[in-house]
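1. Sequence and predicted structure, then a few things I'm wondering about:
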Amino acid sequence: MFVGHLVMATPCIQNAFRRKTLPVRIGDLFVGSEHSIKIQSMTTTATTDVDGTVRQICALQEWGCDIVRVTVQGLREVHACEHIKDRLIQQNISIPLVADIHFFPQAAIHVVDCVDKVRINPGNYVDKRNMFTGKIYSDEQYAHSLEHLMNKFSPLVEKCKRLGKAMRIGVNHGSLSERVTQRYGNTIEGMVYSALEYAEVCVAMDYHDVIFSMKSSNPKVMVAAYRSLAYELDQREWSYPLHLGVTEAGSGTAGIVKSAVGIGTLLSEGLGDTIRCSLTGSPINEIPICIDLLKQTTELSERWGEADNPFAIHSSKQLGTRNTLNTPPWGNVYGLLINLTDVQLLTAEPIELLQCLGIDTTTGKIDPTTPEGVVVPKAMRSSPIVSEIEKHLLVFNKEDAPILNPMNEEEWLSEETLSAPFVYFEVTDIHTARRFFSLRQHSTQPVCLSFSLDPHLSKNEAIIDLSARLGALLLDGLGSCVLLDFVDIKLSRTLGFLILQSANIRSVTVEYVSCPGCGRTLFDLLAVSQRIRERTQHLPGGLKIAVMGCIVNGPGEMADADFGYVGSKPGMIDLYVKHKCVKSCIPIENAEEELVQLLKEHGVWKEPE
């Protein structure tokens, strides 16, 4: 089995080629770099509800889904899959059917007869999931566990190979096995080793219809894990495809932002052969988001060609640990500035404009998503409305600092540029921006990343475009401020802070982790998530609350949440603090109030104003 030092990969600076991957057949379609990137989703119906599941699968295909997954907890679901597949064949529906397996290897062995692919989680397929008991594995025990893994996993590999069925080895941050967590911690390193252990069994048995995923609800962890796994696989010349996803991304705009930050970053680097946006609610809502996300990468994909893997390992750490030593005028936080046009300043009422910026002039209350400042035309600097804004926010002119053209590299390093207190850099594409920072890696000059959004984009298109472009740079620690130029001021500031939060740069509001739901879900996930959000969204930033539909996605996959609300059995909820269950089997009608009480007990609750 693999033993060695894990290399943390960084992205290619100037451009990206789609990572070359093997073709993997799933039913009647192929996944891999020679084929289009496929969209995947998962049903939320009980798998034993054959009629309902078939209807949802058909609807997903009509909306543009290429691959659909169903949960298979046991033998009842295995038998249901037989009927589902038969019904799909009868209706001439060729969409590949995937079985999702947790904890029960025998279900995988049986269901592979009737589905096109099985998904297993290395964290719970053979080993016990981590229960945080503090158990220590000796080297001898660890080696014995690896031998046990080989013996238990190889029958599934042999059967998949014999039947020509595909497999996804889906690692999830937070649901790593007890053995792996004890040795490597709940880390990116642990995620990669967990995948490689299973990969080695497949390679040893000459089975290659394998796809890998490295999901986390934290886009920063997710991106780093995929980069590292891709590097390790390619070092071994194991060109297996990757399925991209931010697990438990949540609902609404926040869920779209999280997904676009993580998935969009990796797509821009040439990684990914299938994608899923795991949004709480109906799976049909995921498909248009995936379509828009792939659409945003079209221009880049046209420049993709045959190449080795898209990573460059650099001895310097310019992309991840660049420090700005000079204090920028917006302070020691990663700043958010909003561009205001002369039209907005001339036509808006002062009170209305301030409200759009998050300031209530009657109460003096400032919204957590209020920007540090605004940028206005020089000609409007002394106008009454700008003077009113200046009572509450910093005001800058575009002329206060050089505005660097992304196409003019000479300008980037000119004496005039380097002597300015800070600079604006117009971000037109990710790779040019990365090159800009690479060439200036020793500079301590603050950089404000300037983004313009096409006014003709729909709301979701705008969310995805900005999240993918800005998120890719924030995840690597680039820049010290962002300037947004978009006609919708409220959307600009909401998006700005959601993207900063998704990239783990700055948190000003409560963050919610919620699973998309599946056949295991034990309550109305979307409704409960919305109610919990309404009751807690006034709490201070930095708090993370998870709402999970079942114990499979609960204790493990809400990895870095502070508090968890988890379905334990029908009508019952368990409450968690970090990974520890502190209240169990609470009737669901009392659970939301019990969560509030738990927040009070831990000193994080405050009454709404």
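-> Great, that's in hand. Source: prediction; values computed, not measured.
2. going forward, measure contacts and count neighbours with C-alpha atoms only.
-> Fine.
3. show me where the stretch 301-450 of the chain has helices.
-> 342-347, 350-356, 384-390, 409-412, 415-419, 430-439 (DSSP state H, counting those that start in this stretch).
4. now the fourth one: how far from the chain's centre is it?
-> When you say that, I think you mean helix 409-412. Helix 409-412 sits 34 Å away from the centroid of its parent chain (C-alpha atoms, centre = their mean, to the nearest Å).
5. Nearest spatial neighbour of Val482, chain-adjacent residues omitted?
-> Once flanking residues are discounted, Val482 sits nearest to Leu449: 4.6 Å by C-alpha to C-alpha, 6 or more residues apart in numbering.
6. how close does that neighbour sit to Val31?
-> Leu449 sits 36 Å away from Val31, going by C-alpha to C-alpha, to the nearest Å.
7. what do you get for Thr494?
-> Taking C-alpha to C-alpha, one finds Thr494 at 36 Å from Val31.
8. Settle it for me: which of the two has more neighbours?
-> Legend: neighbour count by other C-alpha atoms under 10 Å for Thr494 and Val31, higher for Val31 (23 against 17).
9. Phi, psi for the more buried one please.
-> Backbone dihedrals for Val31, given as degrees, to the nearest 10, come out at phi -120, psi 140.
10. The host helix or strand of Met167 packs against which elements?
-> Assigned by DSSP states H and E, Met167 falls within strand 166-172. Judged by 3 or more C-alpha pairs under 8 Å, 6 or more residues apart in numbering; DSSP states H and E, strand 166-172 is in contact with strand 24-26, strand 117-120, helix 188-204, strand 210-215.
11. Could you rerun that using 10 Å?
-> Where contact means 3 or more C-alpha pairs under 10 Å, 6 or more residues apart in numbering; DSSP states H and E, strand 166-172 is packed against strand 24-26, strand 97-101, strand 117-120, helix 139-163, helix 188-204, strand 210-215, strand 243-244.
12. quick one: buried residues of that strand?
-> Across strand 166-172, burial judged by 16 or more other C-alpha atoms under 10 Å covers Ala166, Met167, Arg168, Ile169, Gly170, Val171, Asn172.
13. How many neighbouring residues does the closest residue in space to Leu525 that isn't next to it in sequence have?
-> Leaving out its chain neighbours, the residue that sits closest to Leu525 by C-alpha to C-alpha, 6+ apart is Gly549, at 6.3 Å. Neighbour count for Gly549, taken as other C-alpha under 10 Å: 28.
14. For Gly549, give me its contacts.
-> By C-alpha atoms under 10 Å, 6 or more residues apart in numbering, the residues touching Gly549 are 514-526, 528, 565-569, 573.
15. Among the residues you listed, which are located in strands?
-> Ser514, Tyr565, Val566, Gly567, Ser568, Lys569, Ile573 (DSSP state E).
16. neighbour-wise, which of the residues you listed leads?
-> Among the ones in strands among the contacts of Gly549, Ser514 has the most neighbours (other C-alpha under 10 Å), with 32 neighbours.
17. quick one: that one and Gly250 touch, right?
-> Yes - with contacts counted by C-alpha atoms under 10 Å, Ser514 reaches Gly250, the gap being 4.6 Å.
18. Now for those two: what residues contact both?
-> Contact criterion C-alpha under 10 Å, 6+ apart; residues shared by Ser514 and Gly250: Ser217, Ser278, Leu279, Thr280, Gly281, Leu526, Ser529, Ala546, Val547.
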